[in-house]
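> Next comes the sequence, and after it the predicted model I'd like to discuss.
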Amino acid sequence: MLINKKIGFIGGGNMAEAIIKGLLADSFRADAIMVAEPQEQRRKSLSSTYGIGTSDSGSAVAGQADIVILAIKPQMAAGVLSDLEPAIPADKLVISIMAGIPTTYIEESLASGVRVVRVMPNTAALIQAAASAICPGRKADDSDLATATEIFSRVGAVVTTTEKLMDAVTGLSGSGPAYVFSFIEALSDAGVKNGLARDVSLKLAVQTVLGAARMVDETGDHPALLREKVTSPGGTTIAGLHTLENGRFHGLVMDAVDSACAKSRELAGK
Ligand SMILES: NC(=O)C1=CN([C@@H]2O[C@H](COP(=O)(O)OP(=O)(O)OC[C@H]3O[C@@H](n4cnc5c(N)ncnc54)[C@H](OP(=O)(O)O)[C@@H]3O)[C@@H](O)[C@H]2O)C=CC1
Ligand SMILES: O=C(O)[C@@H]1CCC=N1
């Protein structure tokens, strides 16, 4: 589906770079990727690092691309979409990764009939380990969903969902890597506090998170069951879990995802 298709990114920031790096690692052609990015320094860095085309003009990139990926901040959506409108006729596929911005907003800002697919990936696209959720706008058909799925499958796992759940996805897996990075940092600090060297502590923390995530994935067991197997009666783990629950760990994580979901909803229409 992607053969001979050109992808144009509008916005060459962190997330565009993560997706581009993941696509290239999966043998996507560098000469089929273009990026519109206002900062000259950033354009130079992207073209020299990845061998992709860059421009300071969103319209030029959108005009040449078959698939336009909107990777600008949600707060810039109105201005950028209005500039892009003449360069995006209805036959282009527009994929938006912007948090919070509904497909209807994009459809109404561009040519009538434009096909829009909304995707919420995450930063692990950089190493082809993203979690992405995809939903179609009003005009996108199965083939458009398949195209978006093919792009994001190259950089990780993809699930299809409905648009009303995209804020929930954003709060969970879109922002989720940041929660996990914080958890790893906290674990590693705790190791240092208890006498471990920083590098040893970080290595142990990372491998613990990797191993636990793989166990959930590979066994298919509920996390509560796996947790119980680590928790010996009268042992160390229950003492640690007790402290986490005294600090409302479970509820706190749920509150964090709720806050991020609420922020995603708040960004709608910005
Ligand atoms: N970061 C993440 O983990 C995730 C982000 N997202 C979404 O991806 C989008 C991008 O996020 P992220 O990459 O982190 O943000 P960044 O700020 O890193 O990237 C946005 C880029 O767009 C550039 N830009 C600004 N104006 C224009 C314009 N008119 N035309 C083209 N480019 C422009 C910015 O340049 P300048 O800096 O000069 O303004 C910047 O380089 C957001 O909508 C976010 O919600 C989704 C999932 C995960
Ligand atoms: O923080 C943000 O708004 C973006 C969206 C999801 C992850 N980063």
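Yep, it's here. Ligands and ions are numbered 1, 2, ... in the order given.
> alpha carbons only for contacts and neighbour counts from here, please
Noted.
> which parts of the chain sit against ligand 1?
Contacts of the chain with ligand 1, taken as C-alpha under 6 Å from any ligand atom, map to 10-16, 36-39, 58, 71-74, 80, 97-99, 120-123, 174.
> Just the buried residues out of those, in ChimeraX syntax.
This is how ChimeraX selects the buried members of these, with burial counted by 16 or more other C-alpha atoms under 10 Å:
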select :10,11,12,13,15,16,36,37,38,58,71,72,74,80,97,98,99,120,121,122,123,174
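> what about the strands in the stretch 151-270 of the chain?
156-160 (DSSP state E, counting those that start in this stretch).
> So which residues on the chain come close to ligand 2?
Counting by C-alpha under 6 Å from any ligand atom, the chain comes close to ligand 2 at 99, 170, 174-175.
> Would you mind giving those residues as TSV with pLDDT added?
Output for the residues of the chain next to ligand 2, formatted as TSV (pLDDT from 0 to 100):
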residue	pLDDT
99	98
170	98
174	98
175	98
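> what about the residue with the largest distance to the centre of the chain, distance to residue 163?
In the chain, the residue that sits farthest from the middle, by C-alpha atoms, centre = their mean, is residue 234; the gap is 40.8 Å. Using C-alpha to C-alpha, to the nearest Å, one gets 46 Å for the distance from residue 234 to residue 163.
> and the next element down the chain from whichever strand or helix holds residue 21?
Counting by DSSP states H and E, the secondary-structure element that holds residue 21 is helix 14-25. Of the helices and strands lying after helix 14-25 in sequence (DSSP H and E), the nearest is strand 33-36.
> what inclination does the helix holding residue 21 have with respect to strand 156-160?
Taking axes from the mean of the first three to the mean of the last three C-alpha atoms, to 10 degrees, one finds helix 14-25 and strand 156-160 inclined to each other by 110 degrees.
> And for helix 14-25, what's in contact with it?
If you take C-alpha atoms under 8 Å, 6 or more residues apart in numbering as the criterion, helix 14-25 is touched by 9, 30, 33, 46, 50, 71, 122-128, 151, 154-155.
> Return the set of buried residues in it.
By neighbour count on 16+ other C-alpha under 10 Å, the buried set for helix 14-25 is 15-24.
> between the residues you listed, which is nearest ligand 1?
Distance ranking of the buried residues of helix 14-25 against ligand 1, using C-alpha to the nearest ligand atom, places residue 15 first at 3.6 Å.
> what's the residue most central in space within the chain in contact with, if anything?
Central residue of the chain (C-alpha atoms, centre = their mean): residue 122, 2.0 Å from the mean position. Residue 122 is in contact with 15, 130-132, 173-175, 177, counting by C-alpha under 8 Å, 6+ apart.
> what's the distance between the residue lying closest to residue 256 once chain neighbours are set aside and residue 243?
Of all residues not flanking residue 256 in the chain, residue 171 sits nearest, at 8.0 Å (C-alpha to C-alpha, 6 or more residues apart in numbering). Per C-alpha to C-alpha, residue 171 is found 25 Å from residue 243.
> And these two? Which one has more around it.
With neighbours defined as other C-alpha atoms under 10 Å, residue 171 and residue 243 compare such that residue 171 has more, 22 against 12.
> Could you verify my assumption that that one touches residue 264?
Yes - counting by C-alpha atoms under 8 Å, residue 171 touches residue 264, with 7.3 Å between them.
> Now for residue 198: which residues touch it?
Neighbour list for residue 198: 188-189, 191-192 [criterion: C-alpha under 8 Å, 6+ apart].
> Can you lay out these as CSV showing neighbour count and pLDDT?
Shown next, in CSV, are the contacts of residue 198 (neighbours: other C-alpha atoms under 10 Å; pLDDT from 0 to 100):
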residue, neighbour count, pLDDT
188, 23, 98
189, 18, 98
191, 18, 98
192, 16, 98
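> which one of those is nearest residue 93?
Distance to residue 93 across those (C-alpha to C-alpha) is lowest for residue 188, with 43.9 Å.
> Domain parsing of this structure, as residue ranges.
According to automatic domain parsing, the chain comprises the domains 7-169, 176-267.
> Can you tell me which of these is packed in deepest?
Mean neighbour counts were compared across those using mean count of other C-alpha atoms under 10 Å; the top stretch is domain 7-169, at a mean of 20.
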